[in-house]
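Q: I'll drop the sequence and a predicted model, then ask my questions.
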Amino acid sequence: MASTAEGTEEGVRRRDWIHIAAVSTAGVGGASVLFPLISQMAPTADVLAASTTDVDVSSLEPGQSIKAVFREQPLFVKRLTPEEIEEVNAIDAGGLRDPQTLEDRLGVGNEDILINLGVCTHLGCVPLGAAEGENKGEFDGYFCPCHGSHYDALGRIRKGPAPTNLEVPEFSFTTETTIRVG
Amino acid sequence: MSFAWANQYEPKNDFTKWLDEKLPVPRLVYNAVGAGYPVPRNLNYMWNFGVLAGFFLVFQIITGVVLAMHYAANTEVAFGQIEHIMRNVNYGWLLKYAHANGASFFFVVIYMHIFRGLYYSSYKAPREMIWLLGVVIFLLMMATAFMGYVLPWGQMSFWGAKVITGLFGAIPFIGEPLQIWLVGGYAPNDSTLNRFFSLHFLMPFIIAGTVILHIWALHIPGSSNPTGVEVKQESDTVPFHPYYTAKDGWFLGLILIFFSAIVFFAPNALGHAENWIEANPLSTPALIVPEWYFYPFYAILRAFTGDLTIPFTGIVLIEAKLLGVIAMFGSILVWFFLPWLDKSPVRSGSYRPLFKKFFWFGLVPCMAGLFYLGGAKAEEPYIVLSQIFTAYYFLHFLVILPIISQIEVPKPLPFSITQAVLGSDDTPGGKSGGGDNPGEVVKPLPGGDTDGSLQPAE
């Protein structure tokens, strides 16, 4: 009985099947052990429990900014001045690195409140320009001191290594003067 | 693992005889760094840095393990724990400063070691594997040092972590999820600090393992030497012990005097004052720079300010951010190809007139420039200068070096190490050449040489 299966020198042996089955089982087992080891590195549940941030903009005068915190990251809320709106409207958005118009940045029905993450899209520094007296860069908006990215008044990348405009998070007006971000 | 004339280990007493049969560790040490390892007799001081690097690795492990007994990887208390070490722990100030400056000295020593390898072409056959393992060790060191710098949870720690993990975000498609996975959140947080502490503790031991492979690979062909001519005969070598243990020991003493001077009199000279301010996720320091030993690579990262586009179409092939990241990693990865980029059969830069010019007037000023620029502000003229130096850096390795090795006429090599040292080669056991046979002293130009100079030892 065994001679037919194992006695031949060439071809398939009965033991090959055991080898394949054993190695496959061990392989699948090994891979499934890897999964929790890799997955544990991902953000934990408390980090992921993404909160929303409410910002009160009632006292925000044109040209002023508020710094808030949204998901552990700085959030810039700014009321644009009429001059700034005029200035950014005068530029052809199509020629920019990350072409976005005033409406793309502010959203529909929002006239002058710009909401940006204060996180440079290059390597994540906090750009300057949201507070009084800070360097606003060559385009009168934000300037990232780390590697010299210049953003304009709408947070659009104009010069330097950053690839995209400052991120505009999802937001909505809960009342006339309150914005819920997230 | 050694030349035929190497001293043989002989256990002296009953205990060492017994041990040699059961677990021949003394034999291993004897053959690796003892009298049983024949080393070229003409090594200059540039050959001291390997042993020094080993010393600083052990030094960092010892001080690090001790510091870990007083540290806590928790963003709430980590910064305070460093102050606790500085103020409350007996000799904590000494351990902290010794560990922080020990890292700097480790890099000084490693840079000198790499510099030696580049000038004397230690990466060439038959020593490619030693070089490759060395580059791996260097990469592991960089990762370890970076994660260690995050642990005090100061401003530079936090923003350094944010910028460096941000590098991974530049990778197309998988970058952002990868970055979030590495950090364990959207910005460096408690998870980040904990995993960095864990890995910072683990990686030195991985480095130590790689160092063992590095030394193992070294002992197959044996050490190179300043002439680049391989060992031919017994008179070319001396035993590692006592000759080089003594020389390394004296040099270690010298370095430790400098080290002590820094630790005791200028412990913060190599650090950043900003890191004595606790991490604040909402405020970026005016100038984020890494520790000094990363400056050249940081300069290369920042040199790329424009996207790579197809001219006149505006189609972006590679974003500036990704270009910088590729270039920064590429600047080290190019070392992996060095043994095959530099095809000249002559090893030592001393016998390569053209190579020598480009080395001293090209690569060395270029690296010095990048060192300076990495710590400078991100503004003109520093940006243009970093672009020029970055361009030269890659040109040197990828274009100049391969061309030089094709067109250069090397100087005549000495016949042997003994001849190079003594001016003649008439010692007993020497081969033809030197002494009565001066015509043979000068070896023919390399290329077709079959005198066995490239053969590894047994």
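A: Ah, there it is.

Q: Ramachandran angles for B:Thr305?
A: phi -110, psi -10 (degrees, to the nearest 10).

Q: Would you mind listing what in chain A touches chain B?
A: For chain A, the residues in contact with chain B (Cβ under 8 Å from any Cβ of the partner chain) are A:41-44, A:47, A:67, A:69, A:71-74, A:97, A:118, A:121-128, A:144-148, A:159-163. Yep, even glycine has a C-beta here, placed from its N, CA and C like the rest.

Q: Show the buried residues in the residues you listed.
A: A:42-43, A:47, A:71, A:73-74, A:97, A:118, A:121-128, A:144-148, A:159-163 (16 or more other Cβ atoms under 10 Å in any protein chain shown).

Q: Now intersect the residues you listed with the helices, please.
A: A:Val47 (DSSP state H).

Q: Relative to chain A, which residue of the stretch 351-458 of chain B is the closest?
A: Nearest residue of the stretch 351-458 of chain B to chain A, counting by Cβ to the nearest Cβ: B:Ala378, 3.7 Å away.

Q: Which element, helix or strand, includes that residue?
A: Counting by DSSP states H and E, there is no helix or strand that carries B:Ala378.

Q: Okay, and which of the buried ones among the residues of chain A next to chain B map to strands?
A: The members of these that map onto strands under DSSP state E are A:Gln73, A:Pro74, A:Cys144, A:Lys159.

Q: Turn those into JSON lines, including pLDDT.
A: Below are those laid out as JSON lines (pLDDT from 0 to 100):
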{"residue": "A:Gln73", "pLDDT": "83"}
{"residue": "A:Pro74", "pLDDT": "87"}
{"residue": "A:Cys144", "pLDDT": "86"}
{"residue": "A:Lys159", "pLDDT": "84"}
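
Q: Closest to A:Thr101 out of the residues you listed?
A: A:Lys159 (19.1 Å; Cβ to Cβ).

Q: so who does the closest one touch?
A: A:Gly137, A:Glu138, A:Phe139, A:Gly148, A:Ser149, A:His150, B:Thr305 (Cβ atoms under 8 Å, 6 or more residues apart in numbering or on different chains).

Q: Who are the contact partners of the fourth one?
A: The contact partners of A:Gly148, by Cβ under 8 Å, 6+ apart, come to A:Lys159, A:Gly160, A:Pro161, B:Arg302, B:Thr305, B:Ala378, B:Glu379, B:Ile383.

Q: farthest pair in the residues you listed?
A: Largest pairwise distance in the contacts of A:Gly148, by Cβ to Cβ, is 13.9 Å, between A:Lys159 and B:Arg302.

Q: Not counting residues beside it along the chain, what's closest to the residue nearest the centre of chain B?
A: When Cα atoms, centre = their mean is applied to chain B, the residue found nearest the centroid is B:Ile110 (3.7 Å). Using Cβ to Cβ, 6 or more residues apart in numbering or on different chains and skipping the chain neighbours, the partner closest in space to B:Ile110 is B:Ala53 (5.5 Å).

Q: Quick one: the strands in chain A, in order.
A: With DSSP E as the criterion, chain A has strands spanning A:53-56, A:65-70, A:73-79, A:113-117, A:140-144, A:149-152, A:157-159, A:171-173, A:178-181.

Q: now the angle between strand A:140-144 and the third one, please.
A: Pointing back at strand A:73-79 there. Following axes from the mean of the first three to the mean of the last three Cα atoms, to 10 degrees, one obtains 170 degrees for the angle between strand A:73-79 and strand A:140-144.

Q: What number of residues are in the vicinity of residue 35?
A: In the absence of a named chain, chain A is used. Look at A:Phe35: counted by other Cβ atoms under 10 Å in any protein chain shown, it has 9 neighbours.

Q: You answered for a different chain; I wanted chain B.
A: Neighbour number of B:Ala35 under other Cβ under 10 Å is 18.

Q: ok, now A:Val108?
A: Around A:Val108 there are 5 residues (other Cβ under 10 Å).

Q: likewise B:Leu322?
A: 21.

Q: Nearest residue to it in space, ignoring adjacent ones along the chain?
A: B:Ala170 (4.4 Å).

Q: Now name the helix or strand holding the one you found.
A: B:Ala170 belongs to no helix or strand, assigned by DSSP H and E.

Q: swap in the one 10 residues further on?
A: Using DSSP H and E, B:Ile180 maps to helix B:175-183.

Q: which strands and helices sit next to that helix?
A: Secondary-structure packing of helix B:175-183 (3 or more Cβ pairs under 8 Å, 6 or more residues apart in numbering or on different chains; DSSP states H and E): helix B:155-168.

Q: Return the helix it packs on as PDB; C-alpha atoms alone will do.
A: Extracted in PDB, the C-alpha atoms of helix B:155-168 (Å, rounded to 0.1, in the frame of the first residue of the first chain):
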ATOM      1  CA  GLN B 155       9.900  71.900  22.000                       C
ATOM      2  CA  MET B 156      12.500  70.600  19.600                       C
ATOM      3  CA  SER B 157      11.600  67.000  20.600                       C
ATOM      4  CA  PHE B 158       8.000  67.500  19.700                       C
ATOM      5  CA  TRP B 159       8.500  69.600  16.500                       C
ATOM      6  CA  GLY B 160      11.400  67.400  15.400                       C
ATOM      7  CA  ALA B 161       9.100  64.400  15.700                       C
ATOM      8  CA  LYS B 162       6.400  66.100  13.800                       C
ATOM      9  CA  VAL B 163       8.600  67.200  11.000                       C
ATOM     10  CA  ILE B 164      10.400  63.800  10.600                       C
ATOM     11  CA  THR B 165       7.200  61.700  10.800                       C
ATOM     12  CA  GLY B 166       5.800  64.300   8.300                       C
ATOM     13  CA  LEU B 167       8.400  63.000   5.800                       C
ATOM     14  CA  PHE B 168       6.500  59.800   5.500                       C
END
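
Q: which one among the contacts of A:Gly148 gets closest to B:Glu274?
A: B:Ala378 (15.8 Å).

Q: was I right about the closest one contacting A:Phe143?
A: No - between B:Ala378 and A:Phe143 there is no contact under Cβ atoms under 8 Å: 10.0 Å.

Q: hey, which helix is longest across the chain?
A: In the absence of a named chain, this looks at chain A. Max-length helix for chain A by DSSP H is helix A:14-39.

Q: um, chain B though
A: helix B:190-219.

Q: What angle do helix B:175-183 and that one make with each other?
A: Interaxial angle, helix B:190-219 versus helix B:175-183 (the same axes, to 10 degrees): 90 degrees.

Q: name the helices or strands packed onto helix B:190-219?
A: Short answer (3+ Cβ pairs under 8 Å, 6+ apart): helix B:190-219 packs on helix B:25-33, helix B:49-68, helix B:128-150, helix B:155-168.

Q: What residues of that helix count as buried?
A: B:190-197, B:200-201, B:203-204, B:207, B:210-211, B:214, B:217-219.

Q: do stretch B:22-32 as well
A: Quick answer for stretch B:22-32 (16+ other Cβ under 10 Å): B:Arg27, B:Tyr30, B:Asn31, B:Ala32.
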